[in-house]
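1. Build me a model from this:
(one chain, ligands or ions: 3)
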Amino acid sequence: MVKTPKFANEKVFAWVDKWNKVCTPDKIVVVSGSKKEHIAICEAMVKNGQFIKLNPKTRPECYLARSHESDVARVEGRTFICSKREIDAGPTNHWMDPDQMKALMLKSYKGCMKGRTMYVIPYAMGPIGNPITQYGIEITDSPYVVVNMNIMTRTGDAVLKHLGNDGEFIPCIHSVGAPLKKGQKDVAWPCAKNIEDKFITQFPEERQIWSFGSGYGGNALLGKKCFALRIASKLAKDQGWMAEHMLILTLTSPERKQYHLTAAFPSACGKTNLAMMQPKLPGWKLQTIGDDIAWLKPGDDGRLYAINPENGFFGVAPGTSMDSNPNALKSCKKGTIFTNVVLTPDGDIWWEDMGVKAPKEGVDWKGNPCYVCADDPYRMGPKPGMTKKEIKESGYVAAHKNSRFTAPAENCPVLDKAGFNGLWRGKPTGVPIDAILFGGRRPSTIPLVNEAKSWTHGVFMGSAAGSEVTAAVISDQIGQVRRDPMAMLPFFGYNVADYFQHWLEMERTSADATKLPKIYFVNWFRKGEDGRFMWPGFGDNSRVLKWICQRIEGQVRAHVTPIGNLPLEKDIDLANNEGKFKVVPEDLRAILKVDKEGWTKEIAAVGASYDEYDAKASKDSKARSATARRVPKALRQVLADVTSALAR
Ligand code: GTP
Ligand code: SPV
Ligand code: MN
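-> Ligands and ions are numbered 1, 2, ... in the order given. This is a model prediction of the structure:
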C-alpha cells in the first residue's frame, strides 16, 4: 500500500494496511468529506442502479435507496459484545470469546472486497476539536455507508488534520460481504443475505468495531450505535461520563427562561418527534440539539453537560407528517437520503401517515408497483382498487415500517446552533441538563408523567423502563412489551448491572448532587379499550414539558404516590386545546391516576427482570468469583419500597 500524505497518522495507515491485505479490494479511496466528492459518489450509485435520483426541483441532492429484504433494520441476534470475559458483556448481550470471534470473522472478511472500492472514512463524533468529541476511522466497501456517514457525522480531511500524526481514534471495519467476480454486475443492495452471515461486533476492551454482512443503518454506520453507544458507554464508564440513547432539546418559556432536557425512549418511540416538536402551548419555544444520542459529562459545578455526537438525523419515515413533525419533513427538503420509502411518478417520495395524498401509482419499498387505495386517498395497496380494509387485512405497507431518512442537521429549521456545536455561553462544554426523561410505548398502566423522588429513584425508573418492540429491529416480538432499561437494551457495551451502578455513581461522585437533573418517566402511548390513543402526543407533549419546568422551579405541587410524584390535573395547562387532536379531559384524568393493580404486576415484572439478570450472572462460571455482577442493592431497595407502598 502506498503511504500518501493522507496516511500521516501511522495508526491510520496500519489499520488500513491490515484490512487491505485481508479484504483485497480493487482500490482504496480516503474520503475527503467534500460536497463534490459526496455528490460524485451519489451519482455513480445512480449510474449503477443503487440510488434513484429524486426530482432536483422538489428534492435537490436527494436520493432513494431500496434495501435487500433481509436488511431493513438492526439485527440484535447478530450483535455481539466481545469482552474477554462473558460476565463483562452481561446478561443482556450476545457474547463470544474475542479471539474466536476474530478468527470466525476473518474468514468472512477474506477477499470480501474483491471487485469493490475500499473507502476509508475519517469521522468525528461531536464538533471537531470539542473536548467531549471522539474520533473514528471506518473502513467500508459500501458507498451507501460513505454518503450516509457524510451526513450523520463530520467526515473527511478536517478529521485527519485534527488527528495529526498520532491522534487517537476508534478503528472500525465494515463490509457488506458481497465480493464481485471479474465482470460480475453489482446488485442494487449488496449484503450477506442470510441473517447468520451478518455480524455486528464490538470489542469493548480493545475499543474496536467489526461489522460484516449488513448495509443498514445501525448495523453499518458504525459511528452511531456501535461507537456512540456501545463502545462509548464503556469508555464513559471507565472515564466517569455517560453515553445515552437520548435526544437533547432546548426549551424556552414565555418568561424567556431556558431549559435543556434529554429523553431516552426506545427505538421508534418518539425521540426525533420530541426533539423537533412544535409546542402547542402559546409562548413556549423548542429547539433541537440532537434526536438520538447524548454524551453527558459532569461539570465542576455538579451539573451534567451534554453534546450531540451526531451531525444528522437517521429518522423513521412513516408517521412523519406536516401535522406531527413539520420540522423533520423540512429537514428532508434537500441533501437527504431516503431508504425503503415509496417513489412517486414525479420523482418524489411518499410513506404511510405522511399526511399527503398518495399518488395514483408508485413504486413500493420492494420495487413493486403500488396503487392508491379505493376508499382512502392516504393509503396505498399492492393492487389497483383495493379497499382500506383489504389492505389492512393483507398487512401490506408501501413504505417499510422502518424506512428512514438521513437528513443533515443543518437543514432543521429549529436547530439550536450553539448547542448543536457543543457551545454553552460561548464555551465548548455542551449544554447543562435540567431534566432527564425516560419513556416507552406502554398501552396501559404507566401514567402520562411521573417524577422521581430522588436520583436513585430516577435510576430505578430508568432501569424499569419497558416498551412495545417496534420495527426498528428485526424481531418476531413486535408489539410485545419487553424491558428496555434506559432505552439502552440493544446498546449496552458492558454488563447491565454495572451500567445501573454507573448511573448511581454519577450521584456519589458529583461535585454537587443537588445540581443533577431531575428525572421523569413519560408515556405518550396510553390506549383506551377501543385501541385509540388517550393522549394526543406530539405538540401536545409541550403541556407535560411545561409541568416539568414548573416542578424544576418549584412552582407547582404534586401528588406524592407510591410510584412517584404525579401532576394535579389542574396543573396540566390545556391552553390552545384545539385542532385535529385534542386532550380529552376524562382521558387525562385516567392517565394521571395510579393504576394499583397494573402497577403491582408492573413492579413484579421489573423484579423478574432483575432476577433474570442476577440468575444469568450466577450461571456464569467465572461469575461465582468475587466479581459476580448483581443489580445494585440500592435499586432492589427501591423495588422493595414501591412494592410495600403499593400493598398498603
Ligand atoms: P429511533 O430513530 O428508532 O431511535 O426512533 P425515535 O425514538 O426517534 O422515534 P420517532 O420520533 O421517529 O417516532 C417513531 C414513531 O412514533 C413515528 O411513527 C411517530 O409518528 C410516532 N410518535 C412519535 N411521537 C409520538 C407521540 O407523541 N404520540 C404518538 N401517538 N406517536 C408518536
Ligand atoms: C434505532 O434503532 O434506535 C435507530 C436506528 O436510531 S439505527 O441507527 O438503525 O439503529
Ligand atoms: Mn435510536
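2. quick one, what contacts the residue lying closest to Val316 once chain neighbours are set aside?
-> Spatial nearest neighbour of Val316, excluding adjacent residues (C-beta to C-beta, 6 or more residues apart in numbering): Ala268 at 5.2 Å. In this view, the C-beta of every residue, glycine as well, is placed from N, C-alpha and C. With contact taken as C-beta atoms under 8 Å, 6 or more residues apart in numbering, Ala268 is in contact with Val316, Asn402, Thr470, Ala471, Ala472.
3. separation between the second one and ligand 1?
-> Counting by C-beta to the nearest ligand atom, to the nearest Å, the gap between Asn402 and ligand 1 amounts to 8 Å.
4. all strands of the stretch 51-200 of the chain, in order?
-> 52-53, 63-65, 79-81, 117-125, 134-140, 154-155, 170-175, 199-203 (DSSP state E, counting those that start in this stretch).
5. same check, this time on the stretch 201-350 of the chain
-> 208-212, 242-244, 247-252, 258-264, 285-290, 294-298, 304-307, 312-316, 337-339, 342-343, 349-350.
6. Dump those to TSV, plus distance to Ile231, mean neighbour count and mean pLDDT.
-> Compiled in TSV, the strands of the stretch 201-350 of the chain are given as follows (distance: least, C-beta to C-beta, whole Å; neighbours: other C-beta atoms under 10 Å; pLDDT from 0 to 100):
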stretch	distance to Ile231	mean neighbour count	mean pLDDT
strand 208-212	6	24	98
strand 242-244	8	26	99
strand 247-252	20	24	99
strand 258-264	18	23	99
strand 285-290	18	24	98
strand 294-298	12	24	98
strand 304-307	16	27	98
strand 312-316	18	26	98
strand 337-339	24	27	99
strand 342-343	35	24	98
strand 349-350	33	24	98
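7. wait, which of these is closest to ligand 3?
-> strand 312-316 (7.7 Å; C-beta to the ion).
8. partners of the closest one in the sheet?
-> strand 404-408 (antiparallel) (DSSP bridges).
9. how deep is Gly129 tucked in, by neighbour count?
-> 11 (other C-beta atoms under 10 Å).
10. and if you look at the one 5 residues further on?
-> A count of nearby residues for Gln134, using other C-beta under 10 Å, gives 22.
11. Please list all residues in contact with it.
-> Ala124, Met125, Gly126, Phe169, Ile170, Phe227, Ala232, Leu235, Pro309.
12. mind listing the strands in the stretch 351-500 of the chain by residue range?
-> 361-363, 369-372, 380-381, 404-408, 431-432, 435-439, 449-451, 466-468, 481-483.
13. And the ones you listed: which comes nearest ligand 1?
-> Across those, ligand 1 has its closest neighbour in strand 404-408 (7.7 Å, C-beta to the nearest ligand atom).
14. can you tell if the closest one touches ligand 1?
-> No: with C-beta under 6 Å from any ligand atom as the criterion, ligand 1 is not reached by strand 404-408; the gap is at least 7.7 Å.
15. Next, the contact list for the most centrally placed residue in the chain, please.
-> Central residue of the chain (C-alpha atoms, centre = their mean): Asp292, 4.3 Å from the mean position. Counting by C-beta under 8 Å, 6+ apart, Asp292 makes contact with Lys224, His245, Met246, Leu247, Lys271, Thr272, Glu310, Phe313, Phe314.
16. my guess is the last one contacts Arg404, does it?
-> Okay, so that is Phe314. Yes: if you go by C-beta atoms under 8 Å, Phe314 and Arg404 touch, sitting 5.6 Å apart.
17. about what we covered before: minimum distance to Arg629: which of the strands of the stretch 51-200 of the chain has it?
-> strand 79-81 (13.5 Å; C-beta to C-beta).
18. what mean pLDDT does the closest one have?
-> Averaged over strand 79-81, pLDDT sits at 98.
19. counting contacts, what elements does it pack onto?
-> helix 86-89, strand 199-203 (3 or more C-beta pairs under 8 Å, 6 or more residues apart in numbering; DSSP states H and E).
20. how about 7 Å then?
-> With contacts taken as 3 or more C-beta pairs under 7 Å, 6 or more residues apart in numbering; DSSP states H and E, strand 79-81 sits against strand 199-203.
21. List the buried residues of the strand it packs on.
-> Phe199, Ile200, Thr201, Gln202, Phe203 (16 or more other C-beta atoms under 10 Å).
22. do the same with stretch 349-357
-> Neighbour-count burial for stretch 349-357 [16+ other C-beta under 10 Å]: Ile349, Trp350, Trp351, Glu352, Met354, Val356.
23. from what I can see the fourth one touches His400, true?
-> Okay, so that is Glu352. No: using C-beta atoms under 7 Å, Glu352 makes no contact with His400, being 9.8 Å away.
24. what's the overlap in contacts for these two?
-> Contact criterion C-beta atoms under 7 Å, 6 or more residues apart in numbering; residues shared by Glu352 and His400: none found.
25. so what's the closest residue to ligand 2 within the stretch 51-200 of the chain closest to, chain neighbours aside?
-> Closest contact between the stretch 51-200 of the chain and ligand 2, by C-beta to the nearest ligand atom, is at Arg74 (4.8 Å). Closest residue in space to Arg74, ignoring its immediate chain neighbours: Gly218 at 4.4 Å, by C-beta to C-beta, 6+ apart.
26. if I look at that neighbour, how far off is ligand 1?
-> Relative to ligand 1, and taking C-beta to the nearest ligand atom, Gly218 is found at 8 Å.
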